[in-house]
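>>> Sequence and predicted structure are below.
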Amino acid sequence: MTTPTSSRGRRRAPTRIERAAGRAAALQRPRVILALLLLLALTCVLLLDGYLRAEVGGDQRVRTGASSADVPDRILNGGPILTFRGGRATTVSVPSRTIALTFDDGPNPTWTPQVLKILRAYDVPGTFFLVGSMVSRYPDVVRTMVRQGNEVGVHTFTHVDLSYQSGARVDREIQQTQLALAGAAGITTTLFRAPYSSETDAIDDYSWPVYKKLGQDGYTSVFVDTDSDDWKRPGASKIVRWATPEGDEGASVLFHDAGGERSQTIAALPRYIEKMKAMGYTFTTISGVMEQQRATDRGTGGVPDATAGALTDEATTAGTARLQAAHRTATGTTLYEGKALVAAVAVAEWTLPVLAAGLLVVGVAVMGRFAMMVVLARRHHRQRNRRRFGWGPPVTRPVSVIVPAYNEKECIAGTLASLARSTHPIEILVIDDGSTDGTSEIARAAAESLGMPNVRVIRQDNAGKPAALNNGVRNTTHDLVVMMDGDTVFEPDAVRQLVQPFADPAVGAVAGNAKVGNRGTLIGAWQHIEYVMGFNLDRRMYDLLRCMPTIPGAIGAFRREAVLAAGGMSDDTLAEDTDITIALHRAGWRVVYQEHARAWTEAPGSLRQLWSQRYRWSYGTMQALWKHRGSLTDKGPSGRFGRVGMPLVVLFQIVTPVFAPLIDVFTVYSMIFVDLRAALLAWLAVLAVQLLCAAYAFRLDREKYRYLLMMPLQQLAYRQMMYLVLIHSCVTALTGGRLRWQKLKRTGEVGAPAGAG
């Protein structure tokens, strides 16, 4: 698009409107980005929680029966501690009458503290091989564990069989667990135990390279001599018997402090410790075993503290314990990254339950809304279409029709042509709000060619739609005023139908039935579904509840005295139609919906224009609700709106849609990572409910059902955009900001009211 220039070739200076639009656009971009970042952050929280629970990146494969031809015999037949000192694989056995008590799969907030309490009571140390995801979720348990003098090792982050994983995944599993330990207890460790491992003779050709790689990185891999098999829950007696070594052999003994229901382990552990002590056994950690082996290798024959790692009375009093030989103090980047990981997990652990509860409430509210809309819409339709129903004596007096117009050259002639066919006597006021495209000249020419002496064109400086409407109200000659948009086309009977409710003196305003005229495109069809299902079912419901929140700008009628008494159309908000509607409720007037007064409007034809329009609508609605918050404590009709209408609007038009994207995120998450079939069936069930509601709405409006074929795609694409628009509006409301009357680009497609098709 070229920029107009003067005869001297200089660039035209931007107008006041263009400068304001530029400033508004510049202010909105950061808010759009912030809205997207909020949704991205929530998605990341969900993925993090799923990763911690092994729903994301989980791998349940366990290798069995593989060959061990590449594994040296001295390793297969060696002790349970595998080291690579000097680059050579070496195993270490537990000395006779010595027990290295080890625990897998923790920490667990229920069972691990009970295990720690038992160990402390018997002054026995343990070596705990921890799952990193659990460490990050329960850091307090790990801090207590280390403070009491117990030893910890890495048991991967998500408890996967590393023999199936890539080198990068292996490194990630180890490093993430170390970060979790650093964040939880301020340490790292050199001990490692692979998930699903047992004795060294189970090492196979697939897992051996993993152990060698970890050995080169300085890790000591720990296996077992004796397995209590407590995970089978055979009873405390069998657990004690199975965990007892033969003769006076020493052993690395395996128990579990997590991974399932561990009450039998808790019952067996004190009995086991008492039995082994009675047999003359001492308890140590894995580091204690290795320290004893080094002392033996040095030829001293000395046995360093056989209870290495046990919590002494002095340490208990001081609240600290001697740093285990396998532990390293975490410092620098590792420490801070670890703390950041633990903090992020804490946020996820707190956020997800809150979101889950909120989504449950939202789900119930959405289903409740559908049920209420259908029930009340049916009642409204039956009531208003009874043969004997009437508002009172027919309203036949002339009506003033106000058409605010700003650069409506494509549409204004069609709008006037539709009014020329009106079956009700009208005067027409076209208020040209500083148009620069010749709108007023086109309107005058159209009125002359159509033979419409009842058309007045009034020009004003650009001041916005509310000012244009107020100018029209001041210049009307009749007590009933119809307001419409400059791109809207009325059916011949629309005005007559629209003003009939004014036979009831309590009625102060009437909402008409606005329909999408340019529904031939995909985006137009989506808006058509939204208008019929969302807007018109809602209006029927709100009509019966006597708390209609909005009279559409495309077609609405008012008592002139009511509008003037309310102070006219206000520019305090971006939704002047919602603002005046609530003001009328607060003044004691009744606002109703007339389904037979139909008008055809040109909906936005591009996603950009749609975003602009809906952003103005949603933000303006929030402004209007805040402006009229005093109705919450009012009495009479004002209080009725404040305590019935306002909560419904907030719940169904703000809160529910804001949380609705999370339902979709949860659904996609469940389809990919949890249960595709169950998640898909749940989504289809909700879609079926929406389709039934939409079909009923189409039936009431006598619309063709073929457009409902677009609804599944609407749920996948169009609805997501509406969510983002609302989130954008909420961010703007929280950060502050204002917008001018935004003009959408028109094509003039809706040239006649016969666009039902």
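In hand now; what should we look at?
>>> helix/strand/coil for residue 556?
strand (DSSP: H, G, I helix; E, B strand; the rest coil).
>>> That one and residue 474: what is the separation?
18 Å (C-beta to C-beta, to the nearest Å). All C-beta atoms are positioned from the backbone trio N, CA, C, and that covers glycine.
>>> Residue 586: how many residues sit nearby?
By other C-beta atoms under 10 Å, the residues close to residue 586 number 20.
>>> What does the pLDDT read for the residue nearest to it when sequence neighbours are not counted?
In this structure, residue 586 finds its nearest non-sequential neighbour in residue 638, 3.9 Å apart by C-beta to C-beta, 6 or more residues apart in numbering. Note on residue 638: pLDDT of 92.
>>> what residues are up against residue 638?
585, 586, 587, 588, 631 (C-beta atoms under 8 Å, 6 or more residues apart in numbering).
>>> Report the beta-bridge partners for the residue nearest to residue 406 when sequence neighbours are not counted.
Nearest non-adjacent residue to residue 406, counting by C-beta to C-beta, 6+ apart: residue 433, 4.5 Å away. Counting by DSSP bridges, residue 433 is bridged to residue 460.
>>> any idea how far residue 469 is from residue 433?
For residue 433 relative to residue 469 (C-beta to C-beta), the value is 10 Å.
>>> got it, and residue 450?
As judged by C-beta to C-beta, residue 450 and residue 469 stand 23 Å apart.
>>> same deal with residue 249?
Here the criterion is C-beta to C-beta. By it, residue 249 lies 95 Å from residue 469.
>>> of those two, who's got more company?
Shown here are residue 249 and residue 469; by other C-beta under 10 Å, residue 469 has more neighbours (26 against 15).
>>> what about that one, helix or strand, and which?
In this structure, residue 469 sits in helix 465-475 according to DSSP states H and E.
>>> tell me which residues in that helix are buried?
465, 466, 467, 468, 469, 470, 471, 472, 473 (16 or more other C-beta atoms under 10 Å).
>>> Tell me which other helices or strands that helix touches.
Judged by 3 or more C-beta pairs under 8 Å, 6 or more residues apart in numbering; DSSP states H and E, the packing partners of helix 465-475 are strand 399-405, strand 426-433, strand 455-460, strand 480-484, helix 560-565, helix 576-586.
>>> what touches both of residue 433 and residue 469?
Joint contacts of residue 433 and residue 469 (C-beta under 8 Å, 6+ apart) are residue 404.
>>> Show me where the stretch 201-350 of the chain has its strands.
220-222, 226-227, 251-256, 282-284, 327-329 (DSSP state E, counting those that start in this stretch).
>>> name the helices or strands packed onto the fourth one?
Applying 3+ C-beta pairs under 8 Å, 6+ apart, one finds that strand 282-284 makes contact with strand 98-106.
>>> wait, doesn't residue 268 sit right on residue 229?
No. Using C-beta atoms under 8 Å as the test, residue 268 is too far from residue 229 to be in contact (10.9 Å).
>>> Now do the shared contacts for those two.
With C-beta under 8 Å, 6+ apart, residue 268 and residue 229 have common neighbours residue 239.
>>> contacting residues for residue 257?
Residue 257 touches 103, 104, 105, 106, 107, 108, 111, 112, 115, 128, 265, counting by C-beta under 8 Å, 6+ apart.
>>> Next up, phi/psi of it, please.
Residue 257 adopts backbone torsions of phi -110, psi 10, taken as degrees, to the nearest 10.
>>> Could you measure from it over to residue 282?
Relative to residue 282, and taking C-beta to C-beta, residue 257 is found at 21 Å.
>>> Ok, residue 505 next?
On the measure of C-beta to C-beta, residue 505 and residue 282 end up 98 Å apart.
>>> just residue 628 next, same as before
Noted for residue 628: a distance of 78 Å to residue 282, by C-beta to C-beta.
>>> Of the two, give the one with the bigger neighbour count.
residue 628 (23 against 19).
>>> if I pick the residue nearest to residue 270 when sequence neighbours are not counted, what's in contact with it?
Spatial nearest neighbour of residue 270, excluding adjacent residues (C-beta to C-beta, 6+ apart): residue 118 at 5.6 Å. Contact analysis of residue 118 by C-beta under 8 Å, 6+ apart lists 266, 269, 270, 273.
>>> Out of these, list just those in helices.
Counted as lying in helices by DSSP state H, out of the contacts of residue 118, are 266, 269, 270, 273.
>>> Looking at those residues, state which has the most neighbours.
Most surrounded of the ones in helices among the contacts of residue 118: other C-beta under 10 Å gives residue 269, at 28 neighbours.
>>> longest helix in the chain, by residue count?
Ranked by number of residues, the top helix in the chain under DSSP H is helix 332-384.
>>> Now do it, average pLDDT.
Mean per-residue pLDDT for helix 332-384: 86.
>>> can you list the helices and strands packed on helix 465-475 in CSV and add distance to residue 148 and mean pLDDT?
Below are the helices and strands packed on helix 465-475 laid out as CSV (distance: least, C-beta to C-beta, whole Å; pLDDT from 0 to 100):
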stretch, distance to residue 148, mean pLDDT
strand 399-405, 76, 96
strand 426-433, 77, 95
strand 455-460, 81, 95
strand 480-484, 76, 96
helix 560-565, 76, 95
helix 576-586, 63, 94
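>>> Output these in CSV, with distance to residue 196 appended to each entry.
Output for these, formatted as CSV (distance: least, C-beta to C-beta, whole Å):
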stretch, distance to residue 196
strand 399-405, 73
strand 426-433, 74
strand 455-460, 80
strand 480-484, 72
helix 560-565, 76
helix 576-586, 62
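>>> Right, I'll leave it there.
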